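1. Model the structure of this input:
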Amino acid sequence: MPKSGLKHIDVGAELTRTEWESEESHEVVHGTGGFPSSPVERQLFYRDDEHRWYIYSGTEWVWLGGGGMEVHGNEYHDPDFASEADLSSHAVAATGVHGAGSDYLCGAKSSGIKARDFVRGFTPGKLLKGSGADANPVEISGWEKVAEVVAGSNLDYIDFTSLDGNTDLYYLLFGSFRNSQSSSAAQRLYVNGDYTAANYYAEYIECDNSTVSAGRLNDSYLGGIPANDRLIVMAFITRDPDGYFRFYTFTTRYTGSAVRIQNWAICKTATITNITSLRISSSYPGAIGQNSFVILCKPRTA
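-> Below you'll find the model as predicted:
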């Protein structure tokens, strides 16, 4: 078998120039489904089924395109795409990614390379802050979304349950409400199933163009929403060190040139042992209009 990868027809004892130049005198050594037997080193062979050239290294057939690049469409890959088995082996927690060790993402190749073993096992949902080139990042405080509600229809109330104020300490509530009803409504915030407005104290201040008004009453207002109008609110919610439920709101209501500022400070009349549930309740049926939304968040501590 010629090493050149070409074989020649037998033209007799002498080869004329015409025979040499004729394409019919030469043929690429090729085949399908396997390789020639008894090859010699540097022997070439073309695989028709793979459309690839191979060369025999003396011990095995080596694809001539295997030096690092293969074309896939208009992209090069070096090495080619990882196999499913290769990807699965890197997912094993016992070995870590690329064998760097249990629960590690990468490892320093030697002491002379400025690299760091970064631990994979941080608490889910934590924010991380860098600690320098040769140190692991540290977990820091942040905010985590507890729940998000988008009203799919007109609602009377929205409940948040399974809370633990003693652990979370503080809640931050964002609300954007529309009232499609023909009557104005009060949006109230209740705690732990106590829906009696008289069990809460409220102090408010409102700015209307050049007029500022204030007042105190027994109520649990997040804010008042006019008929066929809108209200947005941000509320800080907690149980104070002596056990009183409190919240403070920043709100804007009405629309366009009629927009107003309205703030509320609320304190429950009696102490509670924990915050386990919250309810946003409208004083008028369906006045939490469709597409109103509320997001409740809690802090995370390092």
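2. Count the residues that sit near residue 206.
-> 18 (other C-beta atoms under 10 Å). No exception for glycine: its C-beta is placed from N, CA and C like everyone else's.
3. show me the contacts for it.
-> By C-beta atoms under 8 Å, 6 or more residues apart in numbering, the contact list for residue 206 reads 212-214, 260-263.
4. Now restrict those to buried residues only.
-> 260, 262-263 (16 or more other C-beta atoms under 10 Å).
5. how far does stretch 255-264 stretch from start to finish?
-> One end of stretch 255-264 sits 19 Å from the other (C-alpha to C-alpha, to the nearest Å).
6. returning to what we had before: name the nearest of the contacts of residue 206 relative to residue 225.
-> residue 262 (10.2 Å; C-beta to C-beta).
7. Could you measure from the closest one over to residue 235?
-> 12 Å (C-beta to C-beta, to the nearest Å).
8. Report the set of residues contacting both of the two.
-> Counting by C-beta under 8 Å, 6+ apart, nothing touches both residue 262 and residue 235.
9. all strands of the stretch 151-300 of the chain, in order?
-> 157-160, 170-179, 185-191, 200-208, 211-217, 221-225, 229-239, 244-253, 260-271, 278-282, 293-300 (DSSP state E, counting those that start in this stretch).
10. what domains does the record give for the chain?
-> Here the domain parsing of the chain from automatic domain parsing is 6-77, 86-140, 145-300.
11. Rounded mean pLDDT for the second one, please.
-> Domain 86-140 carries an average pLDDT of 59.
12. Give me the residue ranges of the stretch 101-250 of the chain where confidence is low.
-> 101-127, 140-141 (pLDDT under 70).
13. Neighbours of residue 257, how many?
-> Residues contacting residue 257 under the criterion other C-beta under 10 Å number 6.
14. Find me the pLDDT at it, would you?
-> On the pLDDT scale, residue 257 gets 91.
15. Give me whichever of the domains of the chain is most buried.
-> Highest mean neighbour count of these: domain 145-300, a mean of 17 (counted as mean count of other C-beta atoms under 10 Å).
16. Good, we can wrap up now.
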